[in-house]
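*Asks:* Sequence and computational prediction follow.
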Amino acid sequence: GQQLNQSPQSMFIQEGEDVSMNCTSSSIFNTWLWYKQDPGEGPVLLIALYKAGELTSNGRLTAQFGITRKDSFLNISASIPSDVGIYFCAGQLPLPIKAAGNKLTFGGGTRVLVKP
Amino acid sequence: EPEVTQTPSHQVTQMGQEVILRCVPISNHLYFYWYRQILGQKVEFLVSFYNNEISEKSEIFDDQFSVERPDGSNFTLKIRSTKLEDSAMYFCASSGTGLNQPQHFGDGTRLSIL
């Protein structure tokens, strides 16, 4: 099946720093999604990308859908303490007929921690 | 903002017992999903459901698992005879129809099998 490699696995941030993480796949996806998961909660959608090359922002977050359709990155600018959590990329393949309803394949997550 | 709700938040069950995890998807959504996340691991797809039938299921979703939409609002996951390795967070998600409809997740049910 499809596999997503997400890196880095973890990172320490200091308030005000920019943060970057990415996902790569051996398969082509037609949708890339980025979610954040806080302890004890479910994944919360941050950004959804639907076209190769698309660059989308949501506040301090920016994500891009790679031209090859096999990768995506997420940047967080000027990090703040509440950015701590686990960030997951997820890819979705198209169904031949339906435009929605296909499963998500998740990356392993990037755990963002605060520098002591 | 509409959200997916799941109950219970935590379920503790003896091995071999049946459990039913419940979800109320976002009201105008028609696609429903279950995922699970074993502690410290990635989120894994279990099953998708549309128009009262399973659209796709993973190899994890064996004969011990079943899903049902018993009424107009609930979507359930049943594990018939639980095993220790079923211990995980189980997430329900839903999405709307049409193009570019992302999946939205509930806060999950933590299932602990003793």
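*Replies:* Cool, the structure landed.
*Asks:* so, in contact with chain A or not, stretch B:89-107?
*Replies:* Yes. Against chain A, stretch B:89-107 shows contacts by C-beta under 8 Å from any C-beta of the partner chain at B:91, B:93, B:95-107. Backbone N, C-alpha and C define where each C-beta goes, glycine included.
*Asks:* how about that stretch: buried residues?
*Replies:* B:89-96, B:101-107 (16 or more other C-beta atoms under 10 Å in any protein chain shown).
*Asks:* now swap in stretch A:41-52 and tell me
*Replies:* Neighbour counts over stretch A:41-52 (16+ other C-beta under 10 Å) mark A:Gly42, A:Pro43, A:Leu45, A:Leu46, A:Ile47, A:Ala48, A:Leu49, A:Ala52 as buried.
*Asks:* what does chain B put close to chain A?
*Replies:* So chain B meets chain A at B:4, B:6, B:31, B:33, B:35, B:41-45, B:48, B:50, B:55-56, B:58, B:91, B:93, B:95-108 (C-beta under 8 Å from any C-beta).
*Asks:* Check what pLDDT the residue lying farthest from the centre of chain B gets.
*Replies:* Residue farthest from the centre of chain B, counting by C-alpha atoms, centre = their mean, is B:Leu99 at 23.1 Å. Note on B:Leu99: pLDDT of 74.
*Asks:* what's the spacing between it and A:Lys51?
*Replies:* Plainly put, B:Leu99 is 11 Å away from A:Lys51 if you go by C-beta to C-beta, to the nearest Å.
*Asks:* Flag the helix or strand of chain B with the lowest per-element mean pLDDT.
*Replies:* None of the helices or strands of chain B scores lower by mean pLDDT, DSSP states H and E than strand B:53-57, at a mean of 91.
*Asks:* List the buried residues of that one.
*Replies:* Of the residues in strand B:53-57, B:Ser55, B:Glu56, B:Lys57 count as buried by neighbour count, 16+ other C-beta under 10 Å.
*Asks:* B:Ser87: what's it in contact with?
*Replies:* Listed by C-beta atoms under 8 Å, 6 or more residues apart in numbering or on different chains, the contact partners of B:Ser87 are B:Ile38, B:Leu39, B:Leu111, B:Ser112, B:Ile113.
*Asks:* Relative to B:Gln6, how far out is it?
*Replies:* Distance check for B:Ser87 against B:Gln6: by C-beta to C-beta, it reads 16 Å.
*Asks:* One more: B:Asp63?
*Replies:* B:Asp63 is 24 Å from B:Gln6, by C-beta to C-beta.
*Asks:* Let me know the helix or strand that the nearest residue in space to A:Asn58 that is not next to it in sequence is in.
*Replies:* Excluding its sequence neighbours, the residue lying closest to A:Asn58 (C-beta to C-beta, 6 or more residues apart in numbering or on different chains) is A:Ile47, at 5.2 Å. If you go by DSSP states H and E, A:Ile47 is part of strand A:44-49.
*Asks:* List of residues touching that strand?
*Replies:* Residues outside strand A:44-49 that contact it (C-beta under 8 Å, 6+ apart): A:31-38, A:56-58, A:61, A:63-65, A:72, A:74, A:87, B:100, B:102-105.
*Asks:* That'll do, ta.
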